[in-house]
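K.L.:
structural data only, the sequence is not supplied:
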């Protein structure tokens, strides 16, 4: 089992930056593709970014391409989400998730493919 703990959320003005971190427990972090999702009030949870086990490949939602960067440090069991040029519409609770996979080089964009979730961290962007 994997436990995920997010941090780094907060209040920022439009155009600003934040870096979210997600620390994973256990010694099998490299067995998991990782993802970030977000959920705004009254809306469904949506995909933001994903990264393969090795960190060699990533994918992003169109709404964040060019502004957000996902990365991971397998030595620290941590995945990051660097968010630049933030907009008010980025306001949401952000969740880290882990997807167990035997296929290296695979990442996932559907929340249904993820096995473990963090508790979320709130990001609020003011205009």
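P.N.:
That came through fine. Given the structure is predicted, the values throughout are model-derived calculations rather than measurements. Numbers count the residues shown, from 1 in each chain.

K.L.:
so how far is stretch 70-84 from its chain's centroid?
P.N.:
With CA atoms, centre = their mean, to the nearest Å as the basis, stretch 70-84 stands 8 Å off its chain's centre.

K.L.:
may I see the buried residues of that stretch?
P.N.:
Using 16 or more other CB atoms under 10 Å as the test for burial, stretch 70-84 gives 70, 72, 77-81, 83. In this view, the C-beta of every residue, glycine as well, is placed from N, C-alpha and C.

K.L.:
just give me the residue right at the centre of the protein.
P.N.:
residue 36 (2.2 Å; CA atoms, centre = their mean).

K.L.:
now the strands: where do they sit in this structure?
P.N.:
4-7, 10-13, 18-24, 32-39, 46-51, 58-60, 68-73, 78-83, 92-100, 116-117, 121-126 (DSSP state E).

K.L.:
and those as TSV, adding distance to residue 109 and mean pLDDT?
P.N.:
Formatted as TSV, those follow (distance: least, CB to CB, whole Å; pLDDT from 0 to 100):
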stretch	distance to residue 109	mean pLDDT
strand 4-7	18	97
strand 10-13	26	98
strand 18-24	17	98
strand 32-39	8	97
strand 46-51	5	98
strand 58-60	6	98
strand 68-73	12	98
strand 78-83	15	98
strand 92-100	10	97
strand 116-117	15	96
strand 121-126	20	98
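
K.L.:
so which of those is the most surrounded?
P.N.:
Highest mean neighbour count of the strands of the chain: strand 32-39, a mean of 25 (counted as mean count of other CB atoms under 10 Å).

K.L.:
give me the helices and strands touching it, please.
P.N.:
strand 18-24, strand 46-51, strand 68-73, strand 78-83, strand 92-100 (3 or more CB pairs under 8 Å, 6 or more residues apart in numbering; DSSP states H and E).

K.L.:
of all those strands, which one is nearest residue 7?
P.N.:
strand 18-24 (5.1 Å; CB to CB).

K.L.:
and residue 110, which of the strands of the chain is closest to it?
P.N.:
strand 46-51 (7.2 Å).

K.L.:
partner strands of the closest one and their direction?
P.N.:
strand 32-39 (antiparallel), strand 58-60 (antiparallel) (DSSP bridges).
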